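>>> Model the following, please.
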Amino acid sequence: MTDLAARIDWGLIPAVPVPFRGTVIAADAQDDYARWLAHQGVAGVAVWAHTGRGPHLTPAQRRDVLAAWRRALPDRVIVAGVTSPGMAREAKDGGADALLAFPRRDDPVGYHRALAAELPVLAFYLYERAGGVAYDDATLDQILALPGVVGIKVATLDSVPTFRRVAARVRAHPGKLLVTGEDRFLGESLTLGARAALIGMGAALTDVQVDLLRARAVGDHNTFARLGELCDEFANVTFREPVEGYVRRMLWAAAAEGALPDDACDDPWGPPLDPAERLAVRQAVQDARAARR
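Have a look, this model is predicted:
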């Protein structure tokens, strides 16, 4: 196993959202949130991913976001979501440790090879409704065979059969890491072979998910089952339709945790949501915390 894979093995890597006030990044809230999350036991964070609206941010905004997380997590893994070798160089220059390769339909193998020339790469199998590509088995094998690809994140939204198919390809490449991106069935995805999680849901109730992974790693089945059910209940509230609204809901959840101010939870690219949903998210966080005690 590579050094990077060993550092994130059985770890949680939240895909962190960016707090906005309107269309302006709330820099003060960003710094406070990074400091809060640094104390939650995470293996690292993923910036510029779908949750962090990386492709929408300007290069200057991406630089500032990465710098804030690098300051808060000087010794932990930072994965940067990228769409091009140029963006990969931005990530490398900013101190990222690895790349999450947004899916690409055109020459995916060459694309991953080019990214790996900059930093170690996690490939990304993402469901098509979110802009992903349904890589076939032959393509997955070619991507996973690249020396600079350390593993793959799988986010199908709700397709266990697809997750099983991709997991089987990972098993055919010893040493490659299967990373779950399955917020809706986090616990089940760990039983299907994932050994780390890179998920937007990790932006709040973070310590609960850290402990879920630890319980799986050490074979604490009772704790794993209890925390898995708790995470599923939380996902039912935060990853409901419209699914694209999950970014704003996770900002609301972080605010309910006291990690963000209430006025720094805007998502300029997300769909409008009923304000009543914010109350439901807050209640879900409170219910989870009460159940955890």
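>>> What's the separation between residue 65 and residue 158?
Noted for residue 65: a distance of 29 Å to residue 158, by C-beta to C-beta, to the nearest Å. Where you see a C-beta, it was placed from the backbone N, CA and C, and this is true even at glycine.
>>> Over to residue 268?
27 Å.
>>> shaky segments in the protein?
The model of the chain has pLDDT under 70 over residues 1.
>>> Can you show me the strands along it?
Counting by DSSP state E, the chain has strands at residues 12-14, 20-21, 24-25, 44-47, 77-82, 98-101, 121-126, 149-155, 177-180, 196-199.
>>> Let me have those strands in JSON lines, adding distance to residue 135 as columns.
Shown next, in JSON lines, are the strands of the chain (distance: least, C-beta to C-beta, whole Å):
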{"stretch": "strand 12-14", "distance to residue 135": "21"}
{"stretch": "strand 20-21", "distance to residue 135": "32"}
{"stretch": "strand 24-25", "distance to residue 135": "33"}
{"stretch": "strand 44-47", "distance to residue 135": "20"}
{"stretch": "strand 77-82", "distance to residue 135": "17"}
{"stretch": "strand 98-101", "distance to residue 135": "11"}
{"stretch": "strand 121-126", "distance to residue 135": "6"}
{"stretch": "strand 149-155", "distance to residue 135": "9"}
{"stretch": "strand 177-180", "distance to residue 135": "14"}
{"stretch": "strand 196-199", "distance to residue 135": "17"}
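>>> so which of these gets nearest residue 34?
Closest approach to residue 34 among the strands of the chain (C-beta to C-beta): strand 44-47, 8.1 Å.
>>> give me the number of residues near residue 70?
Here the count is done by other C-beta atoms under 10 Å, and residue 70 has 18 residues near it.
>>> isn't it right up against residue 91?
No: in this structure, residue 70 is not within contact of residue 91 by C-beta atoms under 8 Å, at 10.7 Å.
>>> Setting aside sequence neighbours, what's the nearest residue to residue 144?
Of all residues not flanking residue 144 in the chain, residue 173 sits nearest, at 4.3 Å (C-beta to C-beta, 6 or more residues apart in numbering).
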